[in-house]
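[1] this one's structure only:
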């Protein structure tokens, strides 16, 4: 039986595997997509999931995907981040199917997709609307369909009910919680180490949690998510 990763484990991976995106936003997306199961394979028809199966290993999942592709089915969501094969994210990055079933690589690809969506649906929108468009884009490739199909609302709910409490608790599943997101490390940062942006297999060093933010940093304005005010920069999921 496929075993899900713990939220604490994925939180620990996020700073080094996907430093370009606030980990709270990323974890809300991952939880909504796969419930933290790394070996999920789902097929879709006309925007609806027609089958979803959790495998016991990456090898089993890859074999299942290859069998689907050989039968002409390519609208397939892969792994922890449910990366869509037909959308070409793996191909664009030059990655094999197996990368979608490696947790760190899956987070890296998910971050790349979020950054791309944030960039494309962005500059003329208020920040909260831009966030919603980004989440919709991750799910559907468009800035609006993820709103009408309920996906964006699910991500916001996951953020408020699962991720924010996990970030604020001293312990998550018996492990020390990762500190809240640093206010100077939102989506626009891209990769902050000497690693090519395309190389999602590379590992950036863990950020120094003890390092305080710059003293002259001004708090960000609150961002309203479905009527909930996120009180300050550490809670803002995505910022320009």
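    Arrived safely, thanks for sending. Everything quoted here is computed from the prediction, not taken from an experiment.
[2] can you map out the strands along this protein?
    40-45, 48-54, 76-78, 83-84, 171-172, 175-176, 223-225, 228-230 (DSSP state E).
[3] pretty sure residue 134 contacts residue 113?
    No: with contact defined as CB atoms under 8 Å, residue 134 does not reach residue 113; the gap is 9.4 Å. Where C-beta positions appear, they are placed from N, C-alpha and C, glycine not excepted.
[4] who has more neighbours out of the two?
    residue 134 (30 against 23; other CB atoms under 10 Å).
[5] residues contacting the more buried one?
    114, 117, 118, 121, 122, 143, 238 (CB atoms under 8 Å, 6 or more residues apart in numbering).
[6] count the residues that sit near the third one.
    In this case it means residue 118. Residue 118 sits with 25 neighbouring residues when counted by other CB under 10 Å.
[7] burial of residue 116, as a residue count?
    Residue 116 has 15 nearby residues by other CB under 10 Å.
[8] residues in contact with it?
    The contact partners of residue 116, by CB under 8 Å, 6+ apart, come to residue 137.
[9] same check, this time on residue 101
    Going by CB under 8 Å, 6+ apart, the list of residues near residue 101 reads 38, 39, 58, 61, 62, 78, 79, 80.
[10] surely the first one meets residue 104?
    So the one you mean is residue 38. No: with contact defined as CB under 8 Å, residue 38 does not count as touching residue 104 (10.2 Å).
[11] can you tell me which of the contacts of residue 134 are in helices?
    114, 117, 118 (DSSP state H).
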